[in-house]
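Generate a structure from the sequence data that follows.
(chains A and B)
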Amino acid sequence: MSATNLALRDTSTMIGRSVRRSTREIDTLLLSILLPVMVMALFVYVFGGAITPEGGYVDYVVPGVILLCAGYGAAQTAVAVAGDMAEGIVDRFRTLPILPSSVLVGHVVASLARNTVSTVCVVGVAYAVGFRPTAGSLEWLAAAGVVLLFVLGFSWLSVCVGLVAGSAESASGFTFFVLFLPYVSSAFVPTETMPRALHAFAEHQPVTPVIETLRGLLMGTPNDAAWLAVAWCAGLAVVGAVGAAVLFGRRGRAR
Amino acid sequence: MYGVHRNNVGRAMSPRPEAAIHATDLRMSYGTTRVLEGIDLDVRPGEVFAMLGPNGAGKTTTISILTTLLRPTHGSATIAGFDVAREPRRVREVISLTGQFAAVDSKLTGRENLLLMARLHHLPRRSVRGRADELLERFDLVAAADRLVGTYSGGMRRRLDLAISLVARPQVLFLDEPTTGLDPRSRQTVWDLVREVADDGTTTFLTTQYLEEADRLADRIAVIDEGRVVAEGTASQLKSGLGEAFVELVLADATQTRIPTDGSIEHVGEVLANIRRQGLDVQRWQVREPTLDEVFLALTGHRAAPTTDVIAGARR
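Next up is the predicted model:
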């Protein structure tokens, strides 16, 4: 078998491993679905009336909730990677005649699979509470692409965090950071309403252009941030993947 | 036994490629901390070689270098003729490492762990399942095969760990403290399994801080202390450095005395006669050979881990 074939085979074996592990962590998967559902209920039924008394807030908030869910789900990758690093199994992987990074690719692909499932669930619930997007099938496809790219970027970033975290417990701190990112973005309220410092942060963090793009695709709102969104996500993915490769290689030599 | 036909003359004359493990002047330092200060090793195919030393002596560092996990600051090593720094992939094809902490995936079942490793070792697709079944059988894990490894006991994890290491029939098996933390019964089982694997002809390199373990398993032992090999040989060679045997006396005031002897009836009789003449109040006495613990003490000036203190192991 050629080197490329072997690398592909190793990577798919590792993907199989990570996906299987994900199916064993039902609590994590459930939480990453239940949490956004609760957030959605909270914003639509509790705050929604106050934010937009004339109704229709659900259409504004759903793209944000989708990303909140996807971001949190992607950040779980950090916990999975940190867990692997803390167990002896990574040393065993390193002494195998395989592509060393295949274990990390396995985690990222499993994250994409997990988040596809949970995003579909969140969209289903959104429909149930009255979300009525104007998107046609092309826009839906583009929206799916944006969410997957966002998950890819944040998953690779999470891999880096998982590699330096040292333990699953400290990696889980990162998931909370990511969970709160959408609050300081245009996810729930327009950023103009925020104090100046927060407004500046909200305008220039990756979640805002991604949400604006998603909202533009699903609701037909004006959107000029699409390229910025793609650049952020692709940038995070590339920087994260390169960083992960470096960190993964270095950790072997550091102990 | 393996050691019999391998005398030192044969070893010196055997060409280098024959060595299963060969290391020259391995040094390792982190900043100003020197972990290894020049380790030379020569392990022949089929041999069970133990590196014996206390915690922090450099055992795990050595094993990490030999298994391509670490690059040494200085020196070189080959495994089955392949250079660990220049041909890590070739080395990885012929070795297997069982690390200090059971390297198993606790979110998978025992069988899934074996299948995963068989695939990663690129075993032919059709033989993957059969090989897993065979190892589950051999390591007495059939009943637990489809349970998550997270539910396994320490001994079961170790057995699975060993089984995983053997999936691809490695030429050289590395075991880093294989029984640390195990209860006496599991330790005995692991010893039996390692012995069995070695008897199949797999070269085995193990580290241990238990003198008894090295004594039981190894054909040859290197005693390592503070990054240096301070002695090397068979267990009996190491012991004979302290003299063949001695008469050990415990006196009424609990003081201990040792009198070297060649162990012959004549000499021991003479020693005992002498003691009687001196009128010492002897509580107990025995003739015995030195233990490896005493060897270690004599070689390094300090004691190694307690010989059979399993409780101390389990606490780790």
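
can I get the CA coordinates of stretch A:112-123 in CSV?
Taking Å, rounded to 0.1, in the frame of the first residue of the first chain, the C-alpha atoms of stretch A:112-123 are listed here in CSV:
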residue,chain,number,x,y,z
LEU,A,112,-17.8,17.8,12.8
ALA,A,113,-20.0,14.7,13.0
ARG,A,114,-21.2,15.5,16.5
ASN,A,115,-22.0,19.1,15.7
THR,A,116,-23.9,18.2,12.5
VAL,A,117,-26.2,16.0,14.7
SER,A,118,-26.7,18.6,17.4
THR,A,119,-27.1,21.5,14.9
VAL,A,120,-29.9,19.6,13.1
CYS,A,121,-31.6,19.1,16.5
VAL,A,122,-31.3,22.8,17.3
VAL,A,123,-32.8,23.8,14.0
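
got a list of contacts for that stretch?
Defining contact as CB atoms under 8 Å, 6 or more residues apart in numbering or on different chains, one finds that stretch A:112-123 is touched by A:19, A:22, A:29, A:32-33, A:36-37, A:40, A:62, A:65-66, A:69-70, A:73-74, A:76, A:131, A:147-148, A:151-152, A:155. No exception for glycine: its C-beta is placed from N, CA and C like everyone else's.

So which of those belong to helices?
Residues of the contacts of stretch A:112-123 located in helices (DSSP state H): A:19, A:22, A:29, A:32-33, A:36-37, A:40, A:62, A:65-66, A:69-70, A:73-74, A:76, A:147-148, A:151-152, A:155.

ranges for the strands of the stretch 1-150 of chain B?
For the stretch 1-150 of chain B, strands defined by DSSP state E, counting those that start in this stretch occupy the ranges B:21-30, B:33-43, B:48-52, B:74-79, B:82-83, B:95-98.

From the contact counts, what lies against the longest one?
Judged by 3 or more CB pairs under 8 Å, 6 or more residues apart in numbering or on different chains; DSSP states H and E, the packing partners of strand B:33-43 are strand B:21-30, helix B:59-66, strand B:74-79, strand B:220-225, strand B:228-233.

could I get these as TSV with mean neighbour count, mean pLDDT and distance to chain A?
What follows is the helices and strands packed on strand B:33-43, written out as TSV (neighbours: other CB atoms under 10 Å in any protein chain shown; pLDDT from 0 to 100; distance: least, CB to the nearest CB, whole Å):
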stretch	mean neighbour count	mean pLDDT	distance to chain A
strand B:21-30	18	93	9
helix B:59-66	24	93	8
strand B:74-79	20	94	11
strand B:220-225	23	92	18
strand B:228-233	17	90	21
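
Residue of the stretch 51-200 of chain A nearest chain B, please.
A:G88 (3.6 Å; CB to the nearest CB).

Let's verify residue 175: helix, strand, or coil?
As the question left the chain open, I've gone with chain A. State at A:T175, reduced to three classes by DSSP: H, G, I helix; E, B strand; the rest coil: helix.

if you could check chain B rather than the one you did, that'd help
Applying three-state DSSP: B:L175 is strand.

residues near the closest residue to it other than its chain neighbours, how many?
Spatial nearest neighbour of B:L175, chain neighbours left out: B:L206 (4.1 Å); criterion: CB to CB, 6 or more residues apart in numbering or on different chains. Applying other CB atoms under 10 Å in any protein chain shown, we find 25 residues neighbouring B:L206.

ok, B:L206 touching B:M51?
Yes - B:L206 is within contact range of B:M51, at 7.2 Å (criterion: CB atoms under 8 Å).

can you give me the helices in the stretch 101-250 of chain A?
Along the stretch 101-250 of chain A, counting by DSSP state H, counting those that start in this stretch, helices occupy A:102-128, A:137-165, A:168-180, A:196-204, A:207-219, A:226-254.

Please name every helix or strand in contact with the last one.
Contact here means 3+ CB pairs under 8 Å, 6+ apart; on that basis helix A:226-254 packs against helix A:102-128, helix A:137-165, helix A:207-219.

quick check: domain ranges of chain B?
B:3-239, B:244-315 (automatic domain parsing).

Just send the ones you listed back as CSV, with distance to A:S102 too.
Formatted as CSV, the domains of chain B follow (distance: least, CB to CB, whole Å):
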stretch, distance to A:S102
domain B:3-239, 9
domain B:244-315, 35
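
State which one residue of the stretch 1-150 of chain B is found closest to chain A.
B:A103 (3.6 Å).

Buried residues, the helix or strand of chain A at the bottom of the mean pLDDT ranking. List them.
Every helix and strand of chain A was ranked by mean pLDDT, DSSP states H and E. The lowest is helix A:48-51, at a mean of 76. By neighbour count on 16 or more other CB atoms under 10 Å in any protein chain shown, the buried set for helix A:48-51 is A:G48.

Residues in contact with it: which ones?
Outside helix A:48-51, the residues within contact range by CB under 8 Å, 6+ apart are A:F43, A:G55, A:Y57, A:V58, A:V61, A:F188, A:V189.

Let's see that with 6 Å instead.
A:Y57 (CB atoms under 6 Å, 6 or more residues apart in numbering or on different chains).
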